[in-house]
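*Asks:* Okay, here's the prediction I keep looking at, along with the sequence it came from:
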Amino acid sequence: MNRKKITVIAIAITVLFTAVGTVFADSGTAMTAEAQAAVTPSKAIGMLRQGNARFIGGSTVKRDLLAQVSQTSKGQYPFAAVVSCLDSRVPPEFVFDQGIGDLFVARVAGNFVNDDILGSLEYAAKVAGAKLILIMGHTECGAVKGACDGAQLGLLTAALANINPAVEAVKGDYTPRDSKNAKFVQAVTEMNVRLNMQKLRERSLVLREMLDKGEIEMVGAIYDVSNGRVAFWK
């Protein structure tokens with residue numbers, strides 16, 4: 001086989017593997033090991049963007065979820081991991097129009113990371129092959145509002161304490177500095193995402209090394225509960 005033919009075949013294979021991740025995640029077929037391997041971190045971000053665009057555009061992919069249960073019964077190959085809030089209005093699989101086996105999802109009131117969640121994310125990325133970590137807050141977050149107000153309620157008090165650093169880190173002329181001030185709440189919501197992205201880098205050596213090597217990427221986002229749109233940023 002001459003060099004020209006080898007080059008043509010190599011290009012064809014590259015195109016195939018570049019497209020395969022989108023083909024699987026954007027269709028009714030569950031992700032496979034081959035499809036996951038073909039997804040780059042930047043492509044994973046694009047797949048979430050495209051999924052959210054389908055969601056807000058009313059053109060979500062038709063999926064046979066029971067078929068996906070069968071397809072994933074012997075293994076799972078998610079392309080991304082999402083840390084999001086417990087809020088019932090923010091289901092990541094719906095928001096990003098993904099199916100069974102496409103996403104790892106960790107949900108906790110206030111979308112913060114602790115060692116348990118970081119360990120789970122290490123598994124998702126290092127062991128199971130996810131290419132992207134997304135930490136996503138949302139507008140009108142009850143947990144953030146509770147932290148802004150210094151709410152006290154059983155074990156919830158300790159959970160909300162994880163958001164307090166964001167409350168304290170927001171500077172500027174916000175009056176009042178409580179849940180009655182929508183601009184202050186939004187500023188804390190965004191700061192909370194940024195601080196937890198920073199915390200992930202600081203506390204997880206495994207994930208920091210993968211980020212530094214470009215094996216995975218991490219992005220932040222805010223979901224708007226009024227329209228379903230996700231705003232991404234690093």
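*Replies:* Looks like it came in fine. Numbers count the residues shown, from 1 in each chain.
*Asks:* Next up, the contacts around the nearest residue to G75 once chain neighbours are set aside.
*Replies:* In space, and not counting its chain neighbours, G75 is closest to A33: 7.2 Å by Cβ to Cβ, 6 or more residues apart in numbering. C-beta here means a position set from N, CA and C on the backbone, and glycine is covered the same way. Contact analysis of A33 by Cβ atoms under 8 Å, 6 or more residues apart in numbering lists G75, Y77, G129.
*Asks:* what about 10 Å?
*Replies:* Contact analysis of A33 by Cβ atoms under 10 Å, 6 or more residues apart in numbering lists G75, Q76, Y77, G129.
*Asks:* among those residues, which ones are buried?
*Replies:* Q76, Y77, G129 (16 or more other Cβ atoms under 10 Å).
*Asks:* What about those residues, which are in strands?
*Replies:* Nothing among those maps onto strands, per DSSP state E.
*Asks:* one step back: and the residue nearest to G75, backbone torsions?
*Replies:* Main-chain dihedrals, A33, degrees, to the nearest 10: phi -60, psi -40.
*Asks:* separation between it and A143?
*Replies:* According to Cβ to Cβ, to the nearest Å, A33 stands 36 Å off from A143.
*Asks:* mind listing the helices in this structure by residue range?
*Replies:* Secondary structure of the chain (DSSP state H): helices at 3-25, 33-38, 41-57, 65-71, 92-95, 115-122, 142-149, 156-160, 164-169, 182-203, 205-212.
*Asks:* Least reliable of the ones you listed by average pLDDT, please.
*Replies:* Lowest mean pLDDT within those: helix 3-25, at a mean of 45.
*Asks:* now the end-to-end length of stretch 143-163.
*Replies:* 8 Å (Cα to Cα, to the nearest Å).
*Asks:* What residues sit buried inside it?
*Replies:* A143, V144, K145, G146, A147, C148, D149, A159, L160, N162, I163.
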